[in-house]
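A.B. asks: just a sequence and a predicted model for now, questions to come.
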2 protein chains.
Amino acid sequence: MHLSIVLVSGGMDSCVTAAIAASENDEIALLHISYGQRTEARERRAFIEIADHYGARKRLDVSIEYLAKMGGSSLTDESIPVTEADLDSKEIPTSYVPFRNANMLAIATSWAEVVGATGIYIGAVAEDSSGYPDCRPEFYEAFQQTINTGTKPETHIEIRTPIIHLSKAEIVKKGIELDAPLHRTWSCYRNETLACSTCDSCALRLRGFQLAGVKDPIEYEAL
Amino acid sequence: MHLSIVLVSGGMDSCVTAAIAASENDEIALLHISYGQRTEARERRAFIEIADHYGARKRLDVSIEYLAKMGGSSLTDESIPVTEADLDSKEIPTSYVPFRNANMLAIATSWAEVVGATGIYIGAVAEDSSGYPDCRPEFYEAFQQTINTGTKPETHIEIRTPIIHLSKAEIVKKGIELDAPLHRTWSCYRNETLACSTCDSCALRLRGFQLAGVKDPIEYEAL
């Protein structure tokens, strides 16, 4: 592929996805989307540092704060607390933002059609996804069909989910193999200075590093 | 259905769609989405007047100006002129905003999941759509599948496109039959005071009223 868009939240998964995209494309265009989540400023800093690391000239920073206005998620609604992780639960956690990934892919597709990109990379993870419905492969297959039917006939854009079947430990190993700037990433749902270590996102990340046998390069408050 | 969301741009098609939704639901929640288009302020006024007409208590007004920042459409990019209508052309017109309807449906789906709405009405029209790819039935079928796979298992949201197979003349007749406030609507892509009568949207609207044998209640500069 020549030019592809990568959705980069600033977390570890999207950083490793960017590393994979950089290895498969001539150029990557990085898209950051904030949605009024608690740790928005810290994630944006991580995005900028990752984009700088890859020398990305095409960058787009979009706010979809209307998702926060709607409420319904502990990530955007201050009245809903960020719960402690329960990695064995089959419930959809309070951090679920309704249909968030579809909103993000729609923006990415619009941008791809304007700049002529042929791929959209997103770092969705099915296994360790805490049960978010919009992280499952079926969702991406359906969205691919939406792109095929909803764009110009001459437009060909493919969604790529290169880490969807990897465990967190495999993502850590992949990142190290590709020399991804994992020390620049931010995953914590709760804090912006030292990661909390106990929210869903921190818990998954820490378990991933532990199983990979590697020390996480970022700092935590409770370790 | 109990509660449904209606996408209301402020144009005639969305107004008639709201009239249909009002007749099929206990309550309608109206969603207006602006995207940095030239006639944004005038369309918002039409939305408010239509929402007032239907006594809608749930209203959401969302800006997705990032679509304008991306460029690529005469509706949002001042450097691309709004072309004169060519209703026989098979080309996708310059007013096409890449993947706009997918962005709008994604927002509507997020809102529907938060407020518990079971339907999303959108006034897409396939026949008279000037060839926009995201106005075709296949696109809505694919998006329905995206909703089914990307929302919570207990969420059931159905996309409704009640006027997709109607001609403009049939839409006019339907609106009159349902007493829709067509005099409150705005369709022109170019002007905000008197409609231009010659852009794609004005030309389609005027032809519709003419074929329906009804006088358009709004004023035009060139008639």
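C.D. replies: Received it, and whenever you're ready, just let me know what you need.

A.B. asks: flag every buried residue along the helix or strand harbouring residue A:45.
C.D. replies: Taking DSSP states H and E as the definition, residue A:45 sits inside helix A:40-53. If you call a residue buried by 16 or more other C-beta atoms under 10 Å in any protein chain shown, then helix A:40-53 has these buried ones: A:40, A:42-44, A:46-51, A:53. Quick note: C-beta positions are derived from backbone N, CA and C, even for glycine.

A.B. asks: also stretch A:199-214?
C.D. replies: Quick answer for stretch A:199-214 (16+ other C-beta under 10 Å): A:199-209, A:212.

A.B. asks: looking at the residues you listed, which one is closest to chain B?
C.D. replies: Distance to chain B, by C-beta to the nearest C-beta, is smallest for residue A:200 among the buried residues of stretch A:199-214, at 16.6 Å.

A.B. asks: please, where are all the helices along chain A?
C.D. replies: Assigned by DSSP state H, the helices in chain A fall at A:12-24, A:40-53, A:66-70, A:100-115, A:137-150, A:168-177, A:200-212.

A.B. asks: tilt between the first one and helix A:168-177?
C.D. replies: Using axes from the mean of the first three to the mean of the last three C-alpha atoms, to 10 degrees, one finds that helix A:12-24 and helix A:168-177 are set 40 degrees apart in direction.

A.B. asks: tell me how many other residues crowd the nearest residue to residue A:144 once chain neighbours are set aside.
C.D. replies: Closest residue to residue A:144 apart from its sequence neighbours, by C-beta to C-beta, 6 or more residues apart in numbering or on different chains: residue A:159 at 5.2 Å. A total of 19 residues lie near residue A:159 under the criterion other C-beta atoms under 10 Å in any protein chain shown.

A.B. asks: same check on residue A:122?
C.D. replies: Neighbours of residue A:122 using other C-beta under 10 Å come to 27.

A.B. asks: again, but for the one 10 residues further on
C.D. replies: Neighbour count for residue A:132, taken as other C-beta under 10 Å: 20.

A.B. asks: out of the helices of chain A, which comes closest to residue B:116?
C.D. replies: Smallest distance to residue B:116 across these (C-beta to C-beta): 12.0 Å, for helix A:66-70.

A.B. asks: which other helices and strands contact that closest one?
C.D. replies: Helices and strands touching helix A:66-70, by 3 or more C-beta pairs under 8 Å, 6 or more residues apart in numbering or on different chains; DSSP states H and E, are strand B:59-63, helix B:100-115.

A.B. asks: between the ones you listed, which gets nearest to residue B:4?
C.D. replies: Residue B:4 sits nearest to helix B:100-115 of all the helices and strands packed on helix A:66-70, at 8.2 Å, using C-beta to C-beta.

A.B. asks: the inter-axis angle of the closest one versus helix A:100-115?
C.D. replies: 170 degrees.

A.B. asks: show me what helix B:100-115 is packed against.
C.D. replies: Checked by 3+ C-beta pairs under 8 Å, 6+ apart, helix B:100-115 has helix A:66-70, helix A:100-115, helix A:137-150, strand B:3-7, strand B:27-34, strand B:119-121, helix B:137-150 packed alongside it.

A.B. asks: now do it: distance to the chain's middle.
C.D. replies: Centroid displacement of helix B:100-115 relative to its chain, using C-alpha atoms, centre = their mean, to the nearest Å, is 14 Å.

A.B. asks: which of the helices and strands packed on helix B:100-115 sits most buried?
C.D. replies: Highest mean neighbour count of these: strand B:119-121, a mean of 26 (counted as mean count of other C-beta atoms under 10 Å in any protein chain shown).

A.B. asks: residue A:5 reaches residue A:113, doesn't it?
C.D. replies: No. In this structure, residue A:5 is not within contact of residue A:113 by C-beta atoms under 8 Å, at 10.4 Å.

A.B. asks: ok, the residue nearest to residue A:36 when sequence neighbours are not counted to residue A:98 distance?
C.D. replies: Taking C-beta to C-beta, 6+ apart, and ignoring the residues beside it in sequence, residue A:36 has residue A:68 as its nearest neighbour in space, at 2.6 Å. Distance of residue A:68 to residue A:98, given as C-beta to C-beta, to the nearest Å: 11 Å.

A.B. asks: next, count neighbours for the nearest residue to residue A:124 once chain neighbours are set aside.
C.D. replies: In this structure, residue A:124 finds its nearest non-sequential neighbour in residue A:135, 4.6 Å apart by C-beta to C-beta, 6+ apart. Residues within reach of residue A:135, counting by other C-beta under 10 Å, total 22.

A.B. asks: got a pLDDT number for residue A:197?
C.D. replies: On pLDDT, residue A:197 comes in at 94.

A.B. asks: cool, and the one 10 residues further on?
C.D. replies: Here, the pLDDT recorded for residue A:207 equals 94.
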